[in-house]
Structures are given as C-alpha cells and as structure tokens.
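Novice: return atomic coordinates for the entry below.
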Amino acid sequence: MYFPYFRGRQFEIIALRELLEMDLLNDRIIPIIEPVKLSSTLTKTMSKFIEKEKQLAVVHNPKVGSFNLEIAKESPLKEIFDSHLLSDWIIKSHIINKQSVGEISKLVELGIEREEILTIISDRDRLDYFEDTFGEKNGLYNLIPYERVFKKYVKNNKVLFDDKFVKLARNAEYKDKDEFFSEDHLFYDEEGYSGFSDFSVVGSDYTEAGFAPFAVAIHIVYFDSEKNLRIIHFVSDSNEDIQDPAGKFYEAVSKLFEWKKENDINTYGLNEFIKHYRNETYPGLGTVKKLSIMHHIELMSQYLDGEHSL
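Specialist: Numbers count the residues shown, from 1 in each chain. Predicted coordinates for the structure are as follows:
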C-alpha cells in the first residue's frame, strides 16, 4: 500500500480529485490529506472519494495552517466536513501529540473505534502518548519513521513514513540535478511494513504564503533499471529576476520535452506538460505543481498495478 501525504494546499487536493475522476488512482493507493484550511476544494474532494467509493485519509487534528480555527466555528462547510468525516470511505487520521488521549476519546464518542484510525507518529518523544492512547490496540495504519525504537511501540499495521523530497532554498539550485528519490516500494513488505508513505514531490515543509520565484522548476520522478525511483529536475535558464514566468516555464518544459523523447513514460501529468510545450502555453505555477504530483501518483499506480515496464 502507498500513502502519499499532502498538506492540503489547493492544487495538491485538486491533483488527487482529478486523478480519481479519470480513474487513474490504484486501489492500493490511499492519499492522506492534512487540511491546512477548511475549503470547498477539500469538501468537494472528500465528496468525490465517497461517491467513487475510494478510500481517502483525512487528518482531523492538523498541526499547520488555519483549519483548526475555521472548524471551530459553525458554518455550512463545517457541517459538510463533519458529515463526510463519518463516512466509511474517509479514514479518520490522527497526529499523535500531548492531547491525543482526549482527542481520540472524542472520536470514540462519535462511534469511531481506535482500530479504525490511521495514526501519524514522527517524533520519538510522542511514542508514550501513542501507548497511552492505544495501549495494545494499534490503529488501522500507523505511519512511523524507519527507526528501531518506533517498531518497539508500534507492533502492527506499520507504514514506513519519510520525506523523500530534498528541499533546496532556491529553485535554481535544482538545475542539472538527477538524483535518487526512493526505494521504499521495493523492500517495505520484507521489513514488516504494511505500506510506505512520503510527501510526494512537494516535501514536508509548509509555508502560509507563496512567492514569485526567480526560477521555474519541474520535478519529475521515474524508475531506473533497478526499479529505484529517481527524480530529475528541469529548471529555467533566465533566473536573474521574477519577470516573465511564462518564458521561464517554457525554458524548463523544453528540457522536459527533450528528456521525454528518450524515455518511454506515459502518464496524464507528463503528457499535459508536453501539450503545453507544443502549444507554447503557460498553465501557471499551481498547475505545474499539480501536474508533477499527478505524474508521480499515476506512475506509482502503474507500478502497483504491475503495468510499468522497466
């Protein structure tokens, strides 16, 4: 099982919804959304997963963004979210913290069993809170780092959780980089894990506000001959200022086009990039990120389906 983890920004959520609408999401992929705000994009995506009878994990106690403040106020969106959260197709997910005992008790009062909850435990100091909250009963899935101490506390339904994306300070620093991304998909089951999880090509860093970059970078994952997952970065050349993002995008996507000619990989996201190259159109930076995510998740869908020729 693969559990791509997203912080719930708009284009990340839209990427998941569009993959679902096009039937490009493998049943062995369960996306996890940690909402950063209470939005119609979030609730519509939850609605679509419920309608399609596909599992989606949603964190009820996110640690970043404004979601917690917004969900505390009565609103039509809150009513929709609360209703969707109780659906059998929405996996209730929880970040282990000092208040976990009380927060999980509130879920139990709603009729949600501990064994139905996905947990995220990334901090060694929070393992005691996990034990206090769950005792001998582990959650449905439990995301943990690849460290021995976590296996001591979390004995069942372990999911290997790691940030594979190397975040650099500036997009221009990715230029000419083609690097190792992950091999977790090759050995997670042999190591006793039920699945693996990462932050896709976005990374775990979170900032409230975006900014106009000096360089445009397109991040594309692919499999090498040993079935390792690698990531190659296509970066613009005219990176002296923030002017002409459309021109910067075309410089980056031109390099992607040349690379694609030598690599027989077909995904919706990748093919959309090629269309933008041929039509000389600029979709905006949000869509650039969306298409990179869609490519990654669909590629993993192909891999898990056994359809990817390596």
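Novice: list the buried residues of stretch 271-291.
Specialist: Using 16 or more other Cβ atoms under 10 Å as the test for burial, stretch 271-291 gives E272, F273, H276, Y277, Y282, P283, L285, T287, V288, K289, K290, L291. For glycine as for every other residue, the C-beta is placed from the backbone atoms N, C-alpha and C.
Novice: for the fifth one, give me the pLDDT.
Specialist: Among the per-residue scores, Y282 shows a pLDDT of 96.
Novice: equivalent analysis for the first one, please.
Specialist: In this model, E272 is scored at 98, pLDDT.
Novice: name the element it belongs to?
Specialist: Assessed by DSSP states H and E, E272 sits inside helix 268-279.
Novice: elements contacting that helix?
Specialist: Helix 268-279 makes packing contacts with helix 245-261, helix 285-305 when contacts are defined by 3 or more Cβ pairs under 8 Å, 6 or more residues apart in numbering; DSSP states H and E.
Novice: span of stretch 156-168 from start to end?
Specialist: One end of stretch 156-168 sits 35 Å from the other (Cα to Cα, to the nearest Å).
Novice: what about the nearest residue to G286 once chain neighbours are set aside, how many neighbours?
Specialist: For G286, ignoring the flanking residues on the chain, the nearest one in space by Cβ to Cβ, 6 or more residues apart in numbering is F11 at 4.2 Å. Residue crowding around F11 was assessed by other Cβ atoms under 10 Å; the count is 20.
Novice: residue ranges in the stretch 51-200 of the chain under the pLDDT threshold?
Specialist: Across the stretch 51-200 of the chain, no stretch falls below the confidence threshold (pLDDT under 70).
Novice: wait, which of the helices and strands packed on helix 268-279 is closest to T43?
Specialist: helix 285-305 (18.6 Å; Cβ to Cβ).
Novice: so for the closest one, mean pLDDT?
Specialist: The pLDDT scores in helix 285-305 average 96.
Novice: just checking, what packs against that helix?
Specialist: strand 2-6, helix 10-21, strand 217-223, helix 245-261, helix 268-279.
Novice: which residues sit against the third one?
Specialist: The contact list for strand 217-223, computed with Cβ atoms under 8 Å, 6 or more residues apart in numbering, reads 165, 171-172, 174, 181, 201, 229-236, 252-253, 256, 259, 263, 265, 270, 273, 288, 292, 295-296, 299, 303, 308, 310.
Novice: list of residues touching stretch 181-190?
Specialist: Counting by Cβ under 8 Å, 6+ apart, 2, 160, 162, 164-165, 195-196, 198, 221, 227-231, 300, 303 sit against stretch 181-190.
Novice: all helices for the stretch 51-200 of the chain, in order.
Specialist: All helices of the stretch 51-200 of the chain, identified by DSSP state H, counting those that start in this stretch, fall at 67-71, 76-85, 100-109, 127-134, 148-153, 184-187.
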